[in-house]
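>>> my questions are about this predicted structure, shown below with the sequence.
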Amino acid sequence: MGAQSLDQDFMRYWMRLSVVEKESLYQVAKHYVELKDDTAPISIEQYNAEIEEAMKSMDAGEFYSHEQVKEMSKGWLNGK
């Protein structure tokens, strides 16, 4: 199905929806596009720079041990 045909078909269905249904679908589409924009691929240079920064933080002692994370996670399900 081509883009123009898909657009026309979508509009036929869109016109049959109530305002509440349109608002709901609009929010889903908006969220989907924003999420897609937020997860755009990064360059290999940016990826390597982020890894380098993380390694520097770890070398500086800026990390949590496995035991610390287990203790921290105990409150996550309770909203703490």
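Arrived safely. Numbers count the residues shown, from 1 in each chain.
>>> okay, CA-based contacts and neighbour counts for the rest of this
Fine.
>>> and Leu25, how many neighbours?
Residues near Leu25, counting by other C-alpha atoms under 10 Å, number 14.
>>> ok, now how distant is it from Met58?
For Leu25, the distance to Met58 equals 44 Å [C-alpha to C-alpha, to the nearest Å].
>>> Trp76 now?
Trp76 is 24 Å from Met58, by C-alpha to C-alpha.
>>> so between these two, which is more surrounded?
Under the neighbour definition other C-alpha under 10 Å, Trp76 and Met58 were set side by side, and Met58 has more, 12 against 9.
>>> which element is that one on?
Per DSSP states H and E: Met58 is located in helix 44-59.
>>> for that helix, which helices and strands make contact with it?
Helices and strands touching helix 44-59, by 3 or more C-alpha pairs under 8 Å, 6 or more residues apart in numbering; DSSP states H and E: there are none.
>>> show me how far that helix is from its chain's centre.
Put simply, helix 44-59 sits 21 Å off its chain's centre (C-alpha atoms, centre = their mean, to the nearest Å).
>>> could you point out which element follows that helix?
Beyond helix 44-59 in the direction of the C-terminus, DSSP H and E gives the next helix or strand as helix 66-73.
>>> got a list of contacts for that next one?
Applying C-alpha atoms under 8 Å, 6 or more residues apart in numbering, helix 66-73 turns out to have no external contacts.
>>> so for that helix, mean pLDDT?
For helix 66-73, the mean per-residue pLDDT is 90.
>>> no further queries at this time; thank you.
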